[in-house]
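Visitor: Provided below for reference: sequence and predicted model.
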Amino acid sequence: MGIFDKLFGKKQQQETIDQGLQKTRESFLGKISKAIAGKSTVDEDVLDQVEDALVSADVGVATTVKIINALEARVVKDKYLNTSQLNQILKDEIEKILVSSPQDISYENYQLPSGHKPHVILVVGVNGVGKTTTIGKLAHNFQKAGKSVLLGAADTFRAAAVDQLTIWGDRAGVPIIKKEMGSDPASVAFDTVQSGVSRQSDVILIDTAGRLHNKAHLMDELTKIKKVIQKVIPEAPHEVMLVLDGSTGQNAIEQARHFTTATEVSALVVTKLDGTAKGGVVLAIADQFKIPVKFIGMGEQADDLLVFNKQQFVDGLFPNIT
């Protein structure tokens, strides 16, 4: 399977998502199957076990309660709800929770919104979530989609971050703007955007430092970066993208809370969903913060970073329900 198949082939994308959500699906649906075994109707005991299955998948208490309340309402409305209908209703409710991307910035097939150039994306997230790797994958895939890309290494507090981004840039043949370790991150961001304009780049991806120990300092730094970017392009950044590690479950929600307080996050990337049973955290994050998930990481390779499609995601959780 080639990169174009995974990135642009709907069938191949669904196969990748199905494989990536295997552990979440098996854990989640396995518990529901046990809950309904030998029962003909959805009763209080079934609902209790469905609730446990949702919490175990890291859907989160608040989101779980919302889903259970919806199920209870259906039981009351229909008077009789058989267990064969349960997964379909669960699927419908989960799909309602996922926030749709605005049509102008959906990134479908790694396409960019029209009306401006370059498209500037400021990428934020704590160290260790795969932020710099995600930027490298985004650069690789945007380029494969025919876009000219420029990287900005504004995480100047970690030499490893700059080196890592440089490796990704070299691998993809994408230029990178960087300075020595300890340089002013805003200065790197300014130079990157200025260079992107002169190069007529299609998309600019700017890496930022991921420290959370001092929220006020983080807020000041991100605010400064945005201000200097706007000296070159007044409406930029066009997207502030928060990268979260899906395998950390509820910890990812806490990180989202910190960053949404520090800056105006407009998009989410959830990485490392393959190999974890905590894929339900995508629902919790979307529900709590009302921010659309734009990309999901389903593996180590660049083409395993997929544009998020909520229908495909829900089908990956409930593969045999149409």
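Guide: Thanks, I have the structure now. Numbers count the residues shown, from 1 in each chain.

Visitor: dump the residue contacts of Phe313.
Guide: By Cβ atoms under 8 Å, 6 or more residues apart in numbering, the residues touching Phe313 are 17, 21, 98, 282, 296. Quick note: C-beta positions are derived from backbone N, CA and C, even for glycine.

Visitor: try it again with 7 Å
Guide: 17, 98, 282 (Cβ atoms under 7 Å, 6 or more residues apart in numbering).

Visitor: would you mind measuring from the second one to Asn127?
Guide: Taking Cβ to Cβ, to the nearest Å as the criterion, Leu98 is separated from Asn127 by 28 Å.

Visitor: just the element for the most centrally placed residue in the chain, please.
Guide: Note on the chain: the residue nearest the mean C-alpha position is Val269, at 2.1 Å, using Cα atoms, centre = their mean. Following DSSP states H and E, the helix or strand that holds Val269 is strand 267-271.

Visitor: gap between the next helix or strand after that strand and the chain center?
Guide: Using DSSP H and E, the helix or strand that follows strand 267-271 in sequence is helix 281-289. Centroid separation between helix 281-289 and its chain, computed with Cα atoms, centre = their mean, to the nearest Å, is 10 Å.

Visitor: outside of the helix or strand following helix 281-289 itself, list whatever touches it.
Guide: Later in the chain than helix 281-289, the nearest helix or strand by DSSP H and E is strand 293-297. Outside strand 293-297, the residues that touch it by Cβ under 7 Å, 6+ apart are 101, 107, 130, 134, 241, 267-273, 282, 286, 304-308.

Visitor: how distant is strand 293-297 from the center of its chain?
Guide: Worked out by Cα atoms, centre = their mean, strand 293-297 lies 3 Å from the chain centre.

Visitor: just checking, what packs against the next helix or strand after that strand?
Guide: Downstream of strand 293-297, the first helix or strand assigned by DSSP H and E is strand 305-307. Helices and strands touching strand 305-307, by 3 or more Cβ pairs under 7 Å, 6 or more residues apart in numbering; DSSP states H and E, are helix 10-20, helix 131-144, strand 293-297.

Visitor: strands paired with strand 305-307, and their directions?
Guide: Strand pairing for strand 305-307, using DSSP bridges, gives strand 293-297 (antiparallel).

Visitor: quick one, what contacts Ala159?
Guide: By Cβ under 7 Å, 6+ apart, Ala159 lies in contact with Met181.

Visitor: brilliant, that's me finished.
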